[in-house]
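Trainee: Here's my sequence, what's the structure:
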Amino acid sequence: MKCLLVASESAEVLFYWADPEFEQNIQKQYGETSEEGQKPPAFEDSINTRFAPIIISCSSMIDRIDESYTCFSTENGHTYVLHQFDECLYIAVNGDGDEKEEDLRRKIYVMKKLTEVHFGMVTLSSTLLKRELRPQDTDQRNRLWKKLQSLLGTYSQLREQDQSFLIEAVERLIHPTLCEQCIEFLERRLVQQINTSSERAGEEVLHAFILVHTKLLAFYSSRNASTLTSSDLLCLILMVQNRYPNSGDLEDAAPEDVENTSMPDIFYTPEPSPTEGGSGSGSGEGSHTPIFQFVDPDIQMAEDSLQTLEFPPPDPATPSRVFLEATIKEGYCPMMPHSMYCLQLWPGITLVLLTKIPNSQVAISVYYFLDTFTNLEKRLSEGQEGSNSPRSPLPLQDLRSKLDKFIRALGSSDVQTSQLQNAWAEFKSKAFSRGGPGVTKELLPWCRNMKTQLCGVYRQCFVTESVGNTQRLAPSLQDRALAMVQEKLMDWKEFLLVKSKRNITMVSYPVRCISLNVVLTYLEEFPGLIHFVYVDRTAGQMIAPSINVTDRSTSELGKGPLAQFIKGKVWTLVGTARRYLQKGYTTVTLRDGDYFFCYFLWFENETGYKLDVIDLPILADDSPPVGMLSWDYYRKLLRYYSKYHHGEVVKCYELLTIHLGVIPSEYVLQHCCQLARKLWEPSRIPLL
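Mentor: Residues are numbered from 1 along each chain as shown. Predicted coordinates:
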């Protein structure tokens, strides 16, 4: 039983996601309380009733003591994790024991990340975010919730099945020659032709990459593009997988299993049955067809609610608006709007284009003003008043001229700026006029109002549906791009699909340059080594042997229960390593029955020289989880470590290994050192 809820301080449901078991539990609990002859309450009302006491309790504690609980367990074994982001309360629940407190907290932060990618800087205004998460139009709200629920469900599935989402790093397809050819093709043919075409409607391709399921084959960024962070790239891969789900489980099924599943049980829900003794509507074979009629009103209500959430699939030629971190010469923007085009080459292989939209410069200006008002608000809250202080970090006169110019520029476009103009006029009358209070704490509500109005302008320009599809790459241009890449990869299609499942095996893998024709067999080179995961946290990339628990072909991990058992050990090791890392440990070695686990985190300079170990910061139990998707912990860690190595390029690496427990510990540690050195070179397959 799993659930995630986003609610306002007034206990209004802004979004929910729940698995079928949780929905049935809610419907059973609150459907039975309805009076006889009345319809049971809608699921949204029932879940609101279920969580309202918790939400009100949290709000009361925050109002009175400015503190609230972050986790608790109930007598029936349910675990609740709560986190307050401004005026929105996130609650994650697990009732079957599959998820621990850390897993629920990670899901909350992933949900927050997904809302940021979906709504951009609108998330910086709680007032506007609540309106976006819960639109007044019922159909629009159902579409939005269905989309976010699907994304969250896809994330949960990938984290249980895919190592890259468990580790939160991008996995590359290891084939240097093909990767290099594809990157060159993206640069010199595809991107160049699109950006010089008259059918691009003012958009410019900044990033182009090819995915094979969740693995990255090739990635190219244009010269004037910002670096795409690993966190954003993982989010994009998640969105692609949600749009084109992997059907690999059916492909891996054995022939006998295919026969068993080719004729699924069919349940018929007939029209209302005729009165007893009347003639049936069916005849012939139809009269012998088994009929199953659901009479439980809770189940029927669940079916009705699902039918209301069914919408036609989106047009493949219509891009998605995504908001990604960008640092360009014009400035920095944590949520720069992009258009994302997902072009499926074949099932499992997708071309993704990220384009710069014509008016994206507005986002940089909006963020500059938001950041300025945030700093002013912070300074006034701390009691630093007065605008003429020589140490004032906020040049208000400069802000005044720039914002006046910005509003005049917006006035020449279709953006409605009346509310922003009124808010700015009131702010100026308070801060700059002789009769106003000046730069004092009395300006705090006007600062907040300015931030809300700036986010409102951002919403008009980039988030609303009316402007999302006004300009885009012409469908004919998309078709030509699709055909070009299909022609390039036609002969590689089957190879890539197989390679994505068996990217690296423990049997044989070329760890040196292919021209040297040196092949390493892990089982021969490192006897007793069962599995490893090597991660370059600076580049956000990982290397690991494949774990195919559904693959029927012969595997070094075996098949069926054995492969599933090893997979469980890997997932356990990752969770254990993160808990120790959160407490400041960079090395972990432990025995677990017949197995020996190792985890190492270390830092190197650009030449590969290992740097001295320092004490890492210890995180609180309720801190954001260690990772790169929900919260980029490793980027923070690199900044922290770089303070002790000025002028050097610091890189961070991780290695996790599982050995048989009979291998002496000294040999295990020797294996880890040798393995890290051998994997150092292949990890430098260029990402850009």
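Trainee: which residues in the stretch 201-350 of the chain form strands?
Mentor: Using DSSP state E, counting those that start in this stretch, the strands found in the stretch 201-350 of the chain span residues 204-212, 215-221, 320-328, 331-346, 349-356.
Trainee: just the ones you listed: most buried one?
Mentor: The highest mean neighbour count among the strands of the stretch 201-350 of the chain, using mean count of other C-beta atoms under 10 Å, belongs to strand 204-212: a mean of 25. (C-beta placed from N, C-alpha, C; glycine too.)
Trainee: pLDDT score for the nearest residue to Tyr633 once chain neighbours are set aside?
Mentor: Leaving aside its chain neighbours, Tyr633 sits nearest to Val626 (4.7 Å; criterion: C-beta to C-beta, 6 or more residues apart in numbering). In this prediction, Val626 carries a pLDDT score of 93.
Trainee: what about the protein, any weak spots by pLDDT?
Mentor: Counting by pLDDT under 70, the chain has low-confidence residues at 31-41, 247-316, 384-395, 434-438, 465-471, 506-521, 549-559, 681-688.
Trainee: any idea which residue sits dead centre in it?
Mentor: With distances taken as C-alpha atoms, centre = their mean, Cys235 lies nearest the centre of the chain, 3.7 Å away.
Trainee: which ones are touching Leu601?
Mentor: Shown in contact with Leu601 (C-beta atoms under 8 Å, 6 or more residues apart in numbering): 581, 586-587, 652-654.
Trainee: Can you name the residues bridging to it?
Mentor: Glu654 (DSSP bridges).
Trainee: just to revisit the earlier point, got the strands of the stretch 201-350 of the chain as TSV, with distance to Ser365 columns?
Mentor: Below are those laid out as TSV (distance: least, C-beta to C-beta, whole Å):
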stretch	distance to Ser365
strand 204-212	19
strand 215-221	24
strand 320-328	13
strand 331-346	8
strand 349-356	15
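Trainee: so how far is the host helix or strand of Tyr90 off the chain centroid?
Mentor: If you go by DSSP states H and E, Tyr90 is part of strand 88-94. When C-alpha coordinates are averaged (C-alpha atoms, centre = their mean, to the nearest Å), strand 88-94 and its chain have centres 17 Å apart.
Trainee: Extract the C-alpha trace of that strand and format it as CSV.
Mentor: The C-alpha coordinates for strand 88-94 follow below in CSV (Å, rounded to 0.1, in the frame of the first residue of the first chain):
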residue,chain,number,x,y,z
CYS,A,88,2.6,22.9,0.3
LEU,A,89,2.8,19.8,2.5
TYR,A,90,4.0,16.6,1.0
ILE,A,91,3.0,13.3,2.6
ALA,A,92,4.3,9.9,1.5
VAL,A,93,2.8,6.7,3.0
ASN,A,94,3.8,3.0,2.9
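Trainee: what's that strand packed up against?
Mentor: On a contact count with 3 or more C-beta pairs under 8 Å, 6 or more residues apart in numbering; DSSP states H and E, strand 88-94 meets strand 2-8, helix 43-65, strand 79-85, helix 101-119, helix 126-133.
Trainee: And it, what's buried?
Mentor: 88-94 (16 or more other C-beta atoms under 10 Å).
Trainee: Just name the closest of those to Asp45, please.
Mentor: Ile91 (16.8 Å; C-beta to C-beta).
Trainee: Make sure the closest one is actually in contact with Ala11.
Mentor: No: using C-beta atoms under 8 Å, Ile91 is not in contact with Ala11, being 11.2 Å away.
Trainee: which neighbours do the two share?
Mentor: Contacts common to Ile91 and Ala11, judged by C-beta under 8 Å, 6+ apart, are 51, 55.
Trainee: which stretches of the stretch 151-300 of the chain form helices?
Mentor: Remark: helices assigned in the stretch 151-300 of the chain by DSSP state H, counting those that start in this stretch are 163-167, 176-185, 192-195, 230-243, 248-251, 255-261, 297-308.
Trainee: Need the buried ones from the contacts of Leu601 selected in PyMOL.
Mentor: Selection of buried members from the contacts of Leu601 for PyMOL, criterion 16+ other C-beta under 10 Å:
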select buried, resi 581+586+652+653+654
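Trainee: With distance to Glu442 as added columns, please give the contacts of Leu601 in CSV.
Mentor: Output for the contacts of Leu601, formatted as CSV (distance: C-beta to C-beta, whole Å):
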residue, distance to Glu442
Leu581, 46
Thr586, 49
Thr587, 54
Cys652, 46
Tyr653, 52
Glu654, 51
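Trainee: tell me the two of the contacts of Leu601 that are most distant?
Mentor: Maximum distance among these (C-beta to C-beta): 14.2 Å, for Thr587 and Cys652.
Trainee: The residue lying closest to Ser642 once chain neighbours are set aside and Asn548: what is the separation?
Mentor: Ranked by C-beta to C-beta, 6+ apart and with sequence neighbours excluded, the top spatial neighbour of Ser642 is Val650, at 4.9 Å. Val650 sits 36 Å away from Asn548, going by C-beta to C-beta, to the nearest Å.
Trainee: cool, and Phe532?
Mentor: 16 Å.
Trainee: Those two: which is more packed in?
Mentor: A count of neighbours by other C-beta atoms under 10 Å puts Phe532 above the other of Phe532 and Asn548, at 24 against 18.
Trainee: OK, contacts around the more buried one?
Mentor: Neighbours of Phe532 in contact, by C-beta under 8 Å, 6+ apart: 544-545, 655-658, 675.
Trainee: and with 10 Å instead?
Mentor: Taking C-beta atoms under 10 Å, 6 or more residues apart in numbering, we find Phe532 in contact with 504, 506, 522, 526, 543-545, 570, 598, 655-659, 671-672, 675-676, 679.
Trainee: in what helix or strand does it lie?
Mentor: Following DSSP H and E, the helix or strand that holds Phe532 is strand 529-536.
Trainee: Count residues in the vicinity of Ile174, would you?
Mentor: 18.
Trainee: Can you tell me how far it is from Ile504?
Mentor: 6 Å.
Trainee: same question, Val191
Mentor: Relative to Ile504, and taking C-beta to C-beta, Val191 is found at 29 Å.
Trainee: Ok, Tyr69 next?
Mentor: Distance check for Tyr69 against Ile504: by C-beta to C-beta, it reads 44 Å.
Trainee: do the same with Leu158
Mentor: 19 Å.
Trainee: now do Lys100
Mentor: 29 Å.
Trainee: part of a strand, is Tyr16?
Mentor: Yes: under DSSP: H, G, I helix; E, B strand; the rest coil, Tyr16 falls within a strand.
Trainee: Assess the claim that it and Ala42 are in contact.
Mentor: No: shown here, Tyr16 and Ala42 do not form a contact pair, counting by C-beta atoms under 10 Å, at 11.8 Å.
Trainee: who does Val535 bridge with?
Mentor: Bridge pairing for Val535 - DSSP bridges - gives Met542, Glu654.
Trainee: number of nearby residues for it?
Mentor: 24.
Trainee: Does Cys235 touch Lys112 like I think?
Mentor: No: the criterion here is C-beta under 10 Å, and Cys235 misses it with Lys112 at 11.6 Å.
Trainee: Identify the residue nearest Asp103 in space, chain neighbours excluded?
Mentor: Asp103's closest residue in space is Asn94 (C-beta to C-beta, 6+ apart), at 7.5 Å.
Trainee: The one you found and Asn76 touch, don't they?
Mentor: No: assessed by C-beta under 10 Å, Asn94 is found out of contact with Asn76, at 11.8 Å.
Trainee: Overlap in contacts, those two.
Mentor: Met1.
Trainee: So for Ala483, which of the strands of the stretch 201-350 of the chain sits nearest?
Mentor: Closest approach to Ala483 among the strands of the stretch 201-350 of the chain (C-beta to C-beta): strand 331-346, 9.6 Å.
Trainee: Which of the contacts of Leu601 sits closest to Cys179?
Mentor: Tyr653 (20.9 Å).
Trainee: Please report how far that closest one lies from Val626.
Mentor: 15 Å.
Trainee: same thing with Val212?
Mentor: Looking at Val212 against Val626, where the rule is C-beta to C-beta, the gap reads 28 Å.
Trainee: in what helix or strand does the closest residue to Asn359 other than its chain neighbours lie?
Mentor: The shortest distance from Asn359 to any non-neighbouring residue, by C-beta to C-beta, 6+ apart, is to Cys461 (6.1 Å). Assessed by DSSP H and E, Cys461 sits inside helix 444-462.
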